[in-house]
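J.: Everything below, folded, please.
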Amino acid sequence: MLKERLVKLRTNKGLSQYELARILNLSRGQISNYELGSRQPDYETLSKIADFFDVSTDYLLDRTDDPSPKDDVHQHVNDNDALEYLDELHKRPEMKTLFQVGRKATKEDIETAITIIEALKKKGERENG
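T.: Numbers count the residues shown, from 1 in each chain. Now for the predicted structure:
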């Protein structure tokens with residue numbers, strides 16, 4: 001889980017919560033909440049954490065035990081086009097609802113959503129040949 005991985009990464013670097021918060025431009029309370037599991041970081045913050053520790057977002061989210069970043073989405077977050085696109089998506093009312101629901105989603109809920117998205121992507125690829 002994110003909370004265990006974040007604690008491990010932070011302590012392996014010999015950083016306090018205050019130091020990590022300062023480096024990532026967050027509050028110590030945010031770091032504490034992530035490490036306690038009482039809050040989840042948003043996409044941008046998750047990407048900042050992954051970039052700082054040089055790990056993949058999948059590793060932080062406990063989707064893999066391989067911490068090394070690959071051609072991971074977080075590496076593209078600095079691309080202005082991607083950021084603008086995400087910003088536009090975030091402004092849409094249905095996306096706001098999705099993000100709110102997503103914060104309360106279980107791991108199983110997320111896996112189901114990913115399966116649906118992958119199926120839609122494959123359908124689109126077949127239709128566009």
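
J.: Tell me the buried residues in stretch 12-24?
T.: 15, 17, 20-21, 24 (16 or more other C-beta atoms under 10 Å). C-beta: built from backbone N, CA, C; applies to glycine.

J.: no, scratch that, I was asking about stretch 57-66
T.: 57-61.

J.: Outline the domain layout of this structure.
T.: As given by automatic domain parsing, the domain ranges for the chain are 2-77, 92-129.

J.: Mean neighbour count, the ones you listed: which tops it?
T.: Most buried of the domains of the chain, by mean neighbour count (mean count of other C-beta atoms under 10 Å): domain 2-77, with a mean of 16.

J.: in this protein, which ranges drop under the pLDDT threshold?
T.: Applying pLDDT under 70 to the chain flags residues 69-83, 85-87, 89-90, 92, 94-96, 98-103, 129.

J.: let's see 50
T.: For the chain, the stretches with pLDDT under 50 are 72-77.

J.: and the residue nearest to Gln30 when sequence neighbours are not counted, what helix or strand is that in?
T.: With sequence-adjacent residues excluded and distances taken as C-beta to C-beta, 6 or more residues apart in numbering, Gln30 is closest to Ala21, at 6.7 Å. Assigned by DSSP states H and E, Ala21 belongs to helix 17-24.

J.: how much space between the residue nearest to Gln30 and Lys48?
T.: 11 Å (C-beta to C-beta, to the nearest Å).

J.: got it, and Leu15?
T.: Look at Leu15 and Lys48: by C-beta to C-beta, they are 14 Å apart.

J.: Tell me the secondary structure at Arg63.
T.: Three-state assignment for Arg63 (DSSP: H, G, I helix; E, B strand; the rest coil): coil.
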